[in-house]
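# got a sequence here, can you model it:
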Amino acid sequence: MANWCSNTVVFEGKPEAITAIQELFQAMKNKEEDEEEGQLPDFITNKNGGYFFNSYWNEGDEGIFQYETRWSPNTQVLQNIADLYKVDFVQDYEEMGNLVYGRATYTDSIVEDIYLENDDFEAYQFDEETDTYHFEGEEYESDYEILETLLERKIATL
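Okay, here's the model as predicted:
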């Protein structure tokens with residue numbers, strides 16, 4: 001059984017390209033519901049992974065999609081979509097079972113993938129007695145704010 005990686009992607013480009021991508025995601029979602037299996041765009045010839053599962057988006061959010069992949073993000077598939085439609089994107093992803101947390105940015109056909117490493121995850125501790133996380137002298141109910149802080153710091157240093 002796969003660990004599920006949660007992904008959010010925001011495409012940026014000409015409105016007609018974003019509309020076409022919206023239609024692509026709708027078609028993949030419809031096909032997934034019919035076939036009950038993950039989907040790739042028809043123009044992706046390498047079927048070695050990166051399938052989209054459980055895609056959704058909020059009403060009115062053009063070019064912003066949430067979905068799941070197995071084990072890791074599907075950044076290469078997103079690059080193929082972006083290249084076809086001549087757009088850029090930002091992908092946020094996480095799969096905490098394997099300590100995967102990061103952001104891939106694709107601008108002018110260049111991908112920059114920034115992610116947390118083992119040392120980053122060791123920067124905070126979980127207290128089982130109080131069910132809280134401790135980071136830099138502060139207490140948190142969830143580790144997501146800590147992870148976002150660590151990722152933002154890493155992005156700022158590049």
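
# the residue sitting furthest away from the middle of the chain in helix, strand or coil?
Most distant residue from the mean C-alpha position of the chain: Glu129, 32.1 Å away (CA atoms, centre = their mean). At Glu129, secondary structure determined by DSSP: H, G, I helix; E, B strand; the rest coil is coil.

# helices or strands up against the longest helix along the chain?
Assignment by DSSP state H gives helix 15-35 as the longest helix of the chain. Packing partners of helix 15-35 (3 or more CB pairs under 8 Å, 6 or more residues apart in numbering; DSSP states H and E): strand 4-12, strand 53-56, helix 75-85. C-beta here means a position set from N, CA and C on the backbone, and glycine is covered the same way.

# what about Gly13, distance to Thr75?
17 Å (CB to CB, to the nearest Å).

# err, Glu62, not the other one
Noted for Glu62: a distance of 21 Å to Thr75, by CB to CB.

# with Glu145 instead?
Distance of Glu145 to Thr75, computed by CB to CB: 24 Å.

# among these two, which residue is more densely surrounded?
Remark: of Glu145 and Thr75, Thr75 carries more neighbours, 21 against 13, as counted by other CB atoms under 10 Å.

# what about the residue nearest to the more buried one when sequence neighbours are not counted, which helix or strand?
Nearest-residue entry for Thr75: Ala104, 4.6 Å, with adjacent residues in sequence omitted and distances by CB to CB, 6 or more residues apart in numbering. For Ala104, the element it lies in under DSSP states H and E is strand 100-107.
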